[in-house]
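A.B. asks: Sequence first, predicted model second:
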Amino acid sequence: MLPQDTNTDTLPGDDAEGASGHPADATPANPGDDVAHPRRIRSFVRRAGRTSTGQQRAIDDLGPKFIVPYQSEPLDWAATFGREAPSILEIGFGMGETTAHIAKLRPQDNFLGCEVHEPGVGALLKLIGENDLQNVRIMNHDAVEVIAHMLTEQSLDGVHIFFPDPWHKKRHNKRRLVQPPLVKVLASRLKPGGYFHCATDWEEYAHQMVEVLSGEPTLENTSTATGGFAERPDYRPVTKFEKRGVRLGHGVWDVIFRKQ
């Protein structure tokens with residue numbers, strides 16, 4: 001995961017694709033309209049970050065096995081991972097530390113991470129090699145297109161969205177990832193009993209997450225606490241950026257809903 005990047009003044013336009021240091025996220029626009037509306041509002045924008053020598057080596061050596069090519073047809077999970085297992089989608093894994101940690105902690109589950117930032121892809125591949133992780137695959141592609149065209153209904157056991165760009169300026173709020181249209185589609189991809197886990201260090205966005213997920217009738221909040229926020233599950237590690245934020249007095253909020 002990456003630290004929150006609040007410099008959004010350099011955007012080339014409210015409806016254009018520009019540059020951001022955040023993990024790649026899906027758009028809040030209707031995923032099914034991607035082809036018909038190529039200028040849909042995106043919640044991620046690309047930066048031409050430098051891929052290190054080690055990251056590029058990992059892409060060259062491990063990419064053929066662990067990077068899944070995008071295609072406009074349903075993903076065959078068993079063939080992709082070489083086994084049948086619970087399937088977890090992560091949207092925007094940044095530099096992959098959290099993804100690798102959770103995958104190592106939960107070897108019984110399959111993890112598919114979507115990320116468009118190439119240095120992040122290389123970084124996660126390095127971690128896959130260093131930790132001999134066999135239960136992670138990567139889509140170096142816009143998550144919205146992956147969800148719309150490659151993930152069938154009731155194919156997921158879980159969804160992870162950790163520290164998406166808060167797009168803190170009011171005029172940019174429409175770019176936020178967690179919006180009703182995308183949540184509706186993601187909920188349809190979850191199996192009954194599947195979970196939807198978001199985390200953010202931006203309090204106003206945390207409340208929006210609870211509100212949006214509460215508005216999806218097929219999802220129910222796992223927390224009865226005031227505000228609807230959950231305790232951080234043991235599987236989600238505290239990153240160095242999160243630790244730094246806590247030291248500075250910043251809060252972190254976990255939101256966990258379950259498919260009915």
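C.D. replies: Everything's here; your move.
A.B. asks: burial of residue 52, as a residue count?
C.D. replies: When neighbours are counted by other C-beta atoms under 10 Å, residue 52 registers 13. Placement of C-beta: from N, CA and C, glycine included.
A.B. asks: And what about residue 65, helix, strand or coil?
C.D. replies: Under DSSP: H, G, I helix; E, B strand; the rest coil, residue 65 falls in the helix class.
A.B. asks: what about it, distance to residue 104?
C.D. replies: 18 Å (C-beta to C-beta, to the nearest Å).
A.B. asks: More neighbours: those two, which one.
C.D. replies: The neighbour comparison of residue 65 against residue 104 (other C-beta under 10 Å) goes to residue 104, with 15 against 11.
A.B. asks: is it true that that one touches residue 132?
C.D. replies: No - checked against C-beta atoms under 8 Å, the pair residue 104 and residue 132 is beyond contact range at 9.1 Å.
A.B. asks: Do a quick rundown of the strands in the stretch 1-150 of the chain.
C.D. replies: Remark: strands assigned in the stretch 1-150 of the chain by DSSP state E, counting those that start in this stretch are 87-91, 110-114, 136-139.
A.B. asks: Let's see the first one as CSV, backbone CA atoms only.
C.D. replies: Right, strand 87-91. The C-alpha coordinates for strand 87-91 follow below in CSV (Å, rounded to 0.1, in the frame of the first residue of the first chain):
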residue,chain,number,x,y,z
SER,A,87,-11.1,-16.7,-4.2
ILE,A,88,-10.2,-13.2,-3.0
LEU,A,89,-10.0,-10.1,-5.2
GLU,A,90,-7.9,-7.1,-4.1
ILE,A,91,-8.3,-3.8,-5.9
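A.B. asks: Off-centre distance for that strand?
C.D. replies: With C-alpha atoms, centre = their mean, to the nearest Å as the basis, strand 87-91 stands 7 Å off its chain's centre.
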